[in-house]
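>>> below are the sequence and a predicted model for it; my questions follow.
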Amino acid sequence: MAFQTENFSKPEKVVPSLCDGYVLGNGYVEYTSRDTILYALGLGASEDPMDRRDLRYTYENSEDFGVLPTFAVLVQFLLPQVTSVHDCPGIPEFNPMLLLHGEHKLTLFKSIPTEGHLRVVSKIRKVEDKGSGALVNIQLHTYDADTGELLTINEPGIFVRGIGGFLPADRKSAGSSKPSVLIPDKEPDFVYTKKTSASQAILYRLTGDRNPLHIDPDMAAVGGFERPILHGLCTFGIAGHGIIKEVCDNEPAGLRSIEGRFSSPVVPGQSLRVEMFKGNSKETILFQVRTVETGKICLSNGVAQLNVPTNAKL
């Protein structure tokens, strides 16, 4: 894989003109059904070995063996796209423990095959000044390397604490770059609850994100946390799994896109409650994820678009 590796001096502040459009990576990755099964297990699938709905994602000899669509978020870690933000000539030096995943959107154009050879092209779309830090908006296009077909687009928003303040006050961005999603003030139409295990992050990291923030207490402390926290994308995947199970009759092809904002950390061992609401159209589900023990919303601004016709319970 080719990355831009020219020698350059790191700036003292973010230089947007050197960031926008910067190519982070253009390379290839292969995966097998072992990787897709490990991902499903990392989300807590098949904790009940008699749950035949989960066996669809964890047992390769199932008649309907398939892949949870949010598996597609892993390509950014199988290829070190996000960590390559540090190499951008317009980004100053920063401690990797101060990098947080702020928000994410995944759009699917085809079903994810159980094994594949992919080409991933990623770039920085833009960098926003949030005052206390910078929001680096990345876009990753994933293609079938053999046919050239576009499979997915990932759009992570990476928040780097401590490198904000690079724009005049009147050009700073307040809050998120996306409008807030108004969750209805009523009981959810669908609910999916998942109790995470105390070792959930230790297992999930084997899917590709080896950030020590999620396993090393000392590194978590550097990041400002009392103990290692769960990967935001694990929560994201649990939400997607819940939507597919509860709304799409466990049909992975029912999910067309999913997005959300990581609003508070989750400690492994806590329970997650995915609260889903019917949107203004049959294709739209609004959702949020609540940490049961604290009552806090840990994933907000959730929107899922569904493919129809489907077996969706709408």
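All right, it came through fine. What you are looking at is a predicted structure, and each value in this text was computed from that prediction instead of being measured.

>>> from now on I want contacts and neighbour counts done on CA atoms only, so please keep to that.
Will do.

>>> contacts for the helix or strand where Gly102 lies, please.
According to DSSP states H and E, Gly102 maps onto strand 99-108. Strand 99-108 is touched from outside by 69-70, 72-73, 135, 151-161, 232, 255-263, with contacts defined as Cα atoms under 8 Å, 6 or more residues apart in numbering.

>>> now the next helix-or-strand element following that strand, how far from the chain's geometric center?
Going down the chain from strand 99-108, the next helix or strand is strand 116-129, by DSSP H and E. Remark: strand 116-129 is offset 13 Å from the chain centroid, using Cα atoms, centre = their mean, to the nearest Å.

>>> who are the packing partners of the following helix or strand past strand 116-129?
Sequence-wise, the next helix or strand downstream of strand 116-129 (DSSP H and E) is strand 133-144. Helices and strands touching strand 133-144, by 3 or more Cα pairs under 8 Å, 6 or more residues apart in numbering; DSSP states H and E, are strand 116-129, strand 150-161.

>>> could you dump those strands to JSON lines with distance to Pro11 and mean neighbour count?
Putting the helices and strands packed on strand 133-144 into JSON lines (distance: least, Cα to Cα, whole Å; neighbours: other Cα atoms under 10 Å) gives the following:
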{"stretch": "strand 116-129", "distance to Pro11": "15", "mean neighbour count": "21"}
{"stretch": "strand 150-161", "distance to Pro11": "15", "mean neighbour count": "22"}
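
>>> as CSV, the ones you listed with mean pLDDT and distance to Lys195 would be great.
CSV is the format used below for these (pLDDT from 0 to 100; distance: least, Cα to Cα, whole Å):
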stretch, mean pLDDT, distance to Lys195
strand 116-129, 95, 31
strand 150-161, 95, 25
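
>>> figure out which of the ones you listed is closest to Asp48.
strand 116-129 (28.2 Å; Cα to Cα).

>>> identify the residues contacting that closest one?
Identification of contacts with strand 116-129 by Cα under 8 Å, 6+ apart yields 16, 19-32, 75, 79, 81, 134-146, 164-167, 171-173.

>>> paired strands for it, with orientation please.
strand 23-31 (antiparallel), strand 133-144 (antiparallel) (DSSP bridges).

>>> hey, least reliable of the ones you listed by pLDDT?
Ranked by mean pLDDT, the strands paired with strand 116-129 bottom out at strand 23-31, which scores a mean of 92.

>>> against which helices or strands is the helix or strand following it packed?
Moving toward the C-terminus from strand 23-31, the next helix or strand (DSSP H and E) is helix 33-42. Applying 3+ Cα pairs under 8 Å, 6+ apart, one finds that helix 33-42 makes contact with helix 52-58, helix 200-204.
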